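*Asks:* got a predicted structure here, sequence first:
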Amino acid sequence: MVDIAGMAFAKSRAQRYRWNSMDIAAIRQIREREFRQVQRLVAPAGKGKLLEIGAGAGWQAKALAESGLDVVAIDVGTSEYGEARVFPVLLYDGKHIPLDDASVDVVFSSNVLEHVPHVRAFQDEIARVLQPNGFAVHMMPTTSWRVWTSVAHYVHIVKWLYGRVAGASPAAGAPVVSGETPAVVPPPGGKLTRLLRLAFPYSHGEIASPVSELWLFNKLRWTRLFQQAGWTVEHVESNDLFYTGYLVFGSQLAMAQRESLSALLGGSCNAYVVRPPNRIRIPAVNAAAVSP
């Protein structure tokens, strides 16, 4: 069973910033479903050494370690998850990975690379720490997630206004989709500035607007970026789940319904399995061969 201590922190963090539209049960179901996908994708590493970049509270790192991998987790010093860590996380400057050359078998990140402003140059650093037969698995939001999160922004506002009229206390704010990373970051400024900004969806990534993220989160864009950095894109697959950054329907949507909606509206996250040039090809992994 996946440790969800990090997810519990998402609830306390949302309360601290007076964020709402949270459904911890729904978040848990989504992240546990996605984690089974991650386990399958990193399975070719066997019991080798895995580096997780942007580990946050460390719940995924902890679960991967419990599955038998030798896990090293890192995150930037500005991460806000220190008080809720469930696994040792090394702090670094966001540019230089504090590991030796060719020291890990697989690199894993989940909803991290879109927050790295120097993402192209950072690919060289990731390749540096990989073993000669190493590979990387990156989970990242899709254009579909961006589109429907922008739509859900206005549903969220309507729900918030209804809650205010009905006497609910939470203030409007940014949504959260996972126990590790806020879906979007609320803009700085006073109450008036923030109220004015409610008219427009927030951006999610480091260097973009919601409009430009339609391209930046596109599978073709990420594939080109990896290829331009010298990686071979071994495999790309959807998480086959539909959700938005606001989870406006929360647990009202069963996992089977989210899977069905993803076929119609698109999956919310893509997994990219990549390897540097002149490396050993990663064998395909049959999903049925890995126990959930």
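*Replies:* Nice, thanks for sending it over.
*Asks:* which residues are in contact with the nearest residue to Asp100 once chain neighbours are set aside?
*Replies:* Nearest non-adjacent residue to Asp100, counting by CB to CB, 6 or more residues apart in numbering: Val129, 7.3 Å away. From N, CA and C alone the C-beta is placed, and that goes for glycine too. Counting by CB atoms under 8 Å, 6 or more residues apart in numbering, Val129 touches 51, 97, 99-104, 107.
*Asks:* surely Arg33 touches Ala256?
*Replies:* No. Using CB atoms under 8 Å, Arg33 makes no contact with Ala256, being 10.8 Å away.
*Asks:* compare these two (neighbour count), which wins?
*Replies:* Counted by other CB atoms under 10 Å, Arg33 and Ala256 do not tie: Arg33 has more neighbours, with 17 against 8.
*Asks:* quick one: that one and Ser262, what's the gap?
*Replies:* Counting by CB to CB, to the nearest Å, the gap from Arg33 to Ser262 is 11 Å.
*Asks:* name the residues contacting each of these two.
*Replies:* Counting by CB under 8 Å, 6+ apart, the shared contacts of Arg33 and Ser262 are 239, 241.
*Asks:* just list the residues touching Gly134, thanks.
*Replies:* Contacts of Gly134 by CB under 8 Å, 6+ apart are 102, 104-107, 275-276, 279.
*Asks:* surely it is in a helix?
*Replies:* No. Counting by DSSP: H, G, I helix; E, B strand; the rest coil, Gly134 is not part of a helix but strand.
*Asks:* do a quick rundown of the helices in the stretch 151-292 of the chain.
*Replies:* In the stretch 151-292 of the chain, the helices defined using DSSP state H, counting those that start in this stretch lie at 191-197, 213-216, 219-228, 255-265.
*Asks:* and the last one, what other elements does it pack with?
*Replies:* Judged by 3 or more CB pairs under 8 Å, 6 or more residues apart in numbering; DSSP states H and E, the packing partners of helix 255-265 are helix 24-42.
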